[in-house]
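I'd like to go over a predicted model; first the sequence, then the structure.
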Amino acid sequence: MKKKRVSVFLSTLLVASALLGACSSNTSSPDTGSQGGKENLGSQGNQEQVVLSMHSWRVEDGDGYKKIIKEFEQTNPGVKIEFKAFKSTEYNTILNTALQGDSGPDIMQLRPYQAGMSLADSGYLEPLDSVPGINHFAPDVLKAATAKDGKVYGVPLSLNSTQIYYNKKMFVDQGIQEPKTWDELLQTAKALKDKGVTPFAFGAKEAWLLSLSHGVIAPAEYGGNEFVDKVQKGEANFLSPEFKKSIEQMKELAPYFPDNFVGLDQNDTRALFATEKAAMYIHGSFDLDPMHKLNPNLDVDFFTLQGQDGNPLITTWVDGSWGVNAKSPHKEAALKFMEFMATQKFGEMFANEFKRISAVPGVKVDDPLVNKMAERTEKNATPYLILVYFGEGNPTTKAELENSLQGMYLDKMTPDQVAETVQKSAESWFAPFKK
Amino acid sequence: MNHMQKATERAGRSKPRRRWLIHLFPLPALLVYAAFVIYPIFSAFTYSLYDWEGISRKGFAGFQNFVTLFTVEPFNEMFWNAIKHNLVYFIVEMVVQNGIAFGLAYVIYRKIRGSGVLKAAYFLPRLLSVIIVGFLWKLILNPNFGALNALLTHLGLEAWARPWLGDPNTALMTIILINCWFGIGFAVLIFLAGLQSIPEELVEAARLDGASGLTLLRKIILPLVMPSVTIMTILTFIQAFEAFELIYAMEGSQGEPFRSTDTLAVYFYRLAFGGPSGTGSVAIGLGSALSVILFFIVASVSAISVFLLRKKEIQH
Amino acid sequence: MKTSVGARSLQYLFAYLFGLIAIYPIFLMIVSSFKTNAEILAAPLSLPASFGFESYVSLWESVPFADFFWNSVFVSVVSVLLILLFSALAAFYLARYSFKWNGLLYFFFLIGLMIPIKLGIVPLFLLMKQLGLLNSLWSLILINTAGGIPISVFILTGFFRTLPVQLEEAARIDGCNDFQVFWRVLLPLIRPALGTVMIINFIQAWNDFFFPLIFIQEDVKKTIPAGMLSLFGEYETDWSMLFAGLTLSALPMIIVFLLASKQFMEGLTAGAVK
């Protein structure tokens, strides 16, 4: 009995000490997170010092943003910004939960178009129309951050373009030229395959890459902006023959994909291309940096297919913009940072730090390939139709296209069925398609 | 006799004095549990009765969300698709995981050299976080660089190598089998405990009567381990119908490929938190309605089985 | 009754084959973490050419793993202690007294077995915010404790019921009050069941990643699984680093288990099948 009493005593002691120990350690460490921080700061007496929390899904960009933020803090001594990135797949879960609990970050990265703007529709974002510099952005660019009420809720960050990257050395070795049209692309792929080279580093495991790839191939077939205009007027839709043909083309490429492509994800295909095991790679401008990190010596260039006028079209959209929490207690400071993000200086820092096309007009980069993308974007851009205009519905029409393209590559759906599924989804909400 | 009487008198006397204190005993558990489990879940259930626009609540909608879930395409299609996968999950877990686990437990029960090491080995995977399990197997199953396809090639079974997680014919089964790998040790221990609680004399007597191994198993052992089988069945059912983390870690919130690994909980997550990478639409009302349905499925089935179990035990 | 040699060797084959299947992936994970990235991709099955700790070194430099570790220890240990205390008190009340509401109360606790708490994440988040516990390890402790109570009450109540009434009566004759009966007489007797509850909840608390992801924002306050998740996002293509991260996350639990595997497994089932 005595021994037991001792052990009971010990375990009580353990609980108690664990509790006490935890309490003291908890109170002694100041909360610097976004939620706890705000209250503490006010009591410091120095009303100038403001700490803003800034959340993003770009885990790989942390170091770059820290440099850019330092620049801002030097000219704005009263403001400190804490950048924090969450894994892309969990970012919106965390953000939505926090916003619903009125504990969102002061500054947050917004998904482009409707996906991000639905937060504004729900009243969680601060309008930014009066931020100096916001009117310098092109109207098309601002559209990505404009909600249904017509107000602007985000400072656009960058322009993404999608294209077909190719390995220059492999093309030269096989005596192959850059293809310009769909037929030439097919011939190129066939020639490579005949020579024992895998033509495309392509995977169907991650569905979002399927609609992205379709966005690269399709505009040349359906006729670029003309078709986009018709769709918006309801004069053409996803059952139009030109759109159906673009889906069939996706299917025609399948023989030129690597073995087991249905099981390959983005990391696998990037590795295939970067390690020179495949000659072509359909991807966004944002993949250039990771690709180079994997193989700095990769001799890479890109091409896009010609539109009706014989000039190469390039598919573009605006990537994540930055918005301000409508319930932030430090709106003024956050808006100051928004102003900074609309400046030429920020645009240049961003473009050179991340090798991306800045959304700020007229920004040049020191990377020739990025410049080539930017130039083509200025001359002959066509929107990534499904992302820019069809991000609504539940599931979104974009998600339906992705899922059914995946089904097509798995031989569960025909190209016609893909087009029908997408059309049906769009009809459920897209006004021009409603009869 | 006298002693007993005295005892009850004394016990009786001491009761009224302190009786109210005993009601404090369940209080801490009740408070914490009510505040952090019951309250949040049931207030989330009430969300199902409202209209939602994105993440903001609009007007009262009655049972509209439930109706939508069952009558509007593609919601109803996705519901039946998902619940079918939950069922497959349950059946395969029962047959493969619990079947093999029972076999292993029986072998250990019949004495085998190194049983301690074996039990530890079976249980080892259960210690890992599901996130780690998912990631580890994703690497092993990688179609190009993964160890499994390399192993198959090595064994001359190249024809068997395939994109396990990318092929809708194998993806769900692969994930369920990984879950079996993860959970088999626990099942072995439960069955073993059941086997070891069978009175030795009973088995001995049957043996003396000349019962063969199989008769012994069927007539004596199986009926007596039924309680542990029932417990495992209920636990497996709950687990199969709440299957989420492993699928999410390996196939994302879409239940890829082509929704071939979608389950009710993954479908719930997609509705409540948005589609691919959270870039899709959020439908909190529909998501909550789905969670209510999920709760009623799990609760009613487990309540019925607990009730049947109780009844059986009483009969014994 | 004798089993034939053939049947016996089949049994051995069966048992050891599955033992191998259980261990091999974990073995592969540990071995791969010592290989270079190129080695893993070229020869996924081979043993490392030389044991390199480079991945561990760069891992240690890029994440505050020591913080993750201590956070995990603190959260898991405190959660488990609270669960043991609270659940045992409640189970004692449910099993040893027959107030008319006890059946209902028992059922109330059982509801928690049937619902994943994740379903209530938004109200839970609001609650934590009102309590000022966001970004605090106490939010995790509370949620782990609350989430662990149903299964623990279930197991402990079953166990308390099996104890003979005479013990309690004798103690009361000796003048023990309710609490003393619970603490001195019955609690020591259900130690095996307490072991079960302890282990189940410890594994659960140690491995949870969802709630830390939502409630904890500062890196230095994350637990191992949640902290590692962001690492996995950042080093998606560096397999050597990934395997090292997986190994490091799994290792503390595996070591504890190997040191005490006997107690672990006996404890795990002692209370489960009653």
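Cool, the structure landed.

helices or strands next to the longest helix along chain C in the packing?
Counting residues, the longest helix in chain C under DSSP state H turns out to be helix C:65-96. Here helix C:65-96 touches helix A:2-28, helix B:27-33, helix C:102-114, helix C:137-162, helix C:191-207, helix C:224-234, helix C:239-259, going by 3 or more Cβ pairs under 8 Å, 6 or more residues apart in numbering or on different chains; DSSP states H and E. C-beta: built from backbone N, CA, C; applies to glycine.

Report the distance from it to the chain centre.
With Cα atoms, centre = their mean, to the nearest Å as the basis, helix C:65-96 stands 10 Å off its chain's centre.

Let me know how buried the residue of the stretch 151-300 of chain A found nearest chain C is, in neighbour terms.
Nearest to chain C in the stretch 151-300 of chain A, going by Cβ to the nearest Cβ, is A:Asn267, at a distance of 5.1 Å. Using other Cβ atoms under 10 Å in any protein chain shown, A:Asn267 has 20 neighbouring residues.

Is it in contact with C:Trp239, as I believe?
No - here A:Asn267 does not reach C:Trp239: they are 9.4 Å apart, not a contact under Cβ atoms under 8 Å.

which SSE is the residue of the stretch 151-300 of chain A closest to chain C in?
Element membership of A:Asn267, judged by DSSP states H and E, is helix A:266-274.

Against A:Trp182, how distant is the residue of the stretch 151-300 of chain A closest to chain C?
When distance is defined by Cβ to Cβ, to the nearest Å, A:Asn267 is 29 Å away from A:Trp182.

same for the helix or strand C:Tyr24 falls within, what does it pack against?
Element membership for C:Tyr24 (DSSP H and E) is helix C:5-32. Applying 3+ Cβ pairs under 8 Å, 6+ apart, one finds that helix C:5-32 contacts helix B:99-109, helix B:115-123, helix B:130-140, helix B:171-196, helix C:239-259.

Export those as TSV, with columns for mean neighbour count, mean pLDDT and distance to chain A.
Formatted as TSV, those follow (neighbours: other Cβ atoms under 10 Å in any protein chain shown; pLDDT from 0 to 100; distance: least, Cβ to the nearest Cβ, whole Å):
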stretch	mean neighbour count	mean pLDDT	distance to chain A
helix B:99-109	21	95	27
helix B:115-123	20	93	26
helix B:130-140	23	91	9
helix B:171-196	23	94	9
helix C:239-259	20	89	9
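
want to try TSV for those, with distance to B:Tyr33 as columns?
Converted to TSV, the helices and strands packed on helix C:5-32 look like this (distance: least, Cβ to Cβ, whole Å):
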stretch	distance to B:Tyr33
helix B:99-109	31
helix B:115-123	28
helix B:130-140	24
helix B:171-196	24
helix C:239-259	26
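
for chain B, what's the longest helix?
helix B:284-315.

that older thread, ok, then the element right after the helix holding C:Tyr24?
Next along the chain after helix C:5-32, with elements defined by DSSP H and E, is helix C:37-42.

what mean pLDDT does that following helix have?
Averaged over helix C:37-42, pLDDT sits at 84.

Can you mark which positions in that helix are buried?
C:Asn37, C:Glu39, C:Ile40, C:Leu41 (16 or more other Cβ atoms under 10 Å in any protein chain shown).

Touching, the first one and C:Ser240? I think so.
Yes - with the criterion set as Cβ under 8 Å, C:Asn37 and C:Ser240 qualify as a contacting pair; they are 4.5 Å apart.

How many neighbouring residues does the residue of the stretch 151-274 of chain C found nearest chain A have?
Relative to chain A, the nearest point of the stretch 151-274 of chain C is C:Gly233 (3.8 Å; Cβ to the nearest Cβ). Per other Cβ under 10 Å, the neighbour tally for C:Gly233 reads 19.

So for it, what's the pLDDT?
74.

Show the contacting residues for it.
A:Val59, A:Lys87, A:Ser88, A:Thr89 (Cβ atoms under 8 Å, 6 or more residues apart in numbering or on different chains).

so which of those residues are also by chain B?
Here is what survives when those are matched to chain B using Cβ under 8 Å from any Cβ of the partner chain: A:Ser88, A:Thr89.

For B:Ile190, state which of the contacts of C:Gly233 is nearest.
A:Thr89 (34.3 Å; Cβ to Cβ).

Work out for me the element A:Thr316 sits within.
Assigned by DSSP H and E, A:Thr316 falls in strand A:314-318.

what mean pLDDT does that strand have?
On average, strand A:314-318 scores 95.

That strand vs chain B: in contact?
No - using Cβ under 8 Å from any Cβ, strand A:314-318 never reaches chain B; the gap is at least 12.3 Å.

Please name every helix or strand in contact with that strand.
Against strand A:314-318 (3+ Cβ pairs under 8 Å, 6+ apart) you get strand A:158-167, helix A:208-222, helix A:368-380, strand A:381-383.

right, and these - which one's nearest A:Glu332?
strand A:158-167 (25.8 Å).

isn't B:Gly255 right next to B:Val266, touching?
Yes - contact criterion Cβ under 8 Å: B:Gly255 and B:Val266 qualify, at 4.9 Å.

Mutual contacts of those two, please.
Common neighbours of B:Gly255 and B:Val266 (Cβ under 8 Å, 6+ apart) are B:Ala82, B:Ile247.

Would you check how far apart the spatially closest residue to A:Asp102 that is not a sequence neighbour and chain B are?
Leaving aside its chain neighbours, A:Asp102 sits nearest to A:Lys327 (5.6 Å; criterion: Cβ to Cβ, 6 or more residues apart in numbering or on different chains). As judged by Cβ to the nearest Cβ, to the nearest Å, A:Lys327 and chain B stand 13 Å apart.

so what's A:Lys327 up against?
A:Asp102, A:Gly104, A:Tyr124.

run the last query once more with 10 Å
Going by Cβ atoms under 10 Å, 6 or more residues apart in numbering or on different chains, A:Lys327 touches A:Leu99, A:Asp102, A:Ser103, A:Gly104, A:Asp106, A:Gly123, A:Tyr124, A:Leu125, A:Glu126.

Then A:Leu157?
Per Cβ under 10 Å, 6+ apart, neighbours of A:Leu157: A:56, A:58, A:109-110, A:112, A:141, A:144-145, A:318-322, A:341, A:346-347, A:350, A:354, A:356, A:358-360.

cutoff 6 Å now
Taking Cβ atoms under 6 Å, 6 or more residues apart in numbering or on different chains, we find A:Leu157 in contact with A:Asp319, A:Gly320, A:Ser321, A:Ala359.

neighbour-wise, which of these leads?
A:Ser321 (30 neighbours).

Is A:Phe238 in contact with A:Ala419, as I believe?
Yes - using Cβ atoms under 6 Å, A:Phe238 is in contact with A:Ala419, at 5.2 Å.

So the two - more neighbours on which side?
Shown here are A:Phe238 and A:Ala419; by other Cβ under 10 Å, A:Phe238 has more neighbours (27 against 24).

Might you enumerate the residues of the stretch 1-150 of chain B proximal to chain A?
Proximity of the stretch 1-150 of chain B to chain A (Cβ under 6 Å from any Cβ of the partner chain) is limited to residues B:Gly54, B:Ile55, B:Ser56, B:Pro143, B:Asn144.

got the angle for the longest helix of chain C vs helix C:239-259?
40 degrees (axes from the mean of the first three to the mean of the last three Cα atoms, to 10 degrees).
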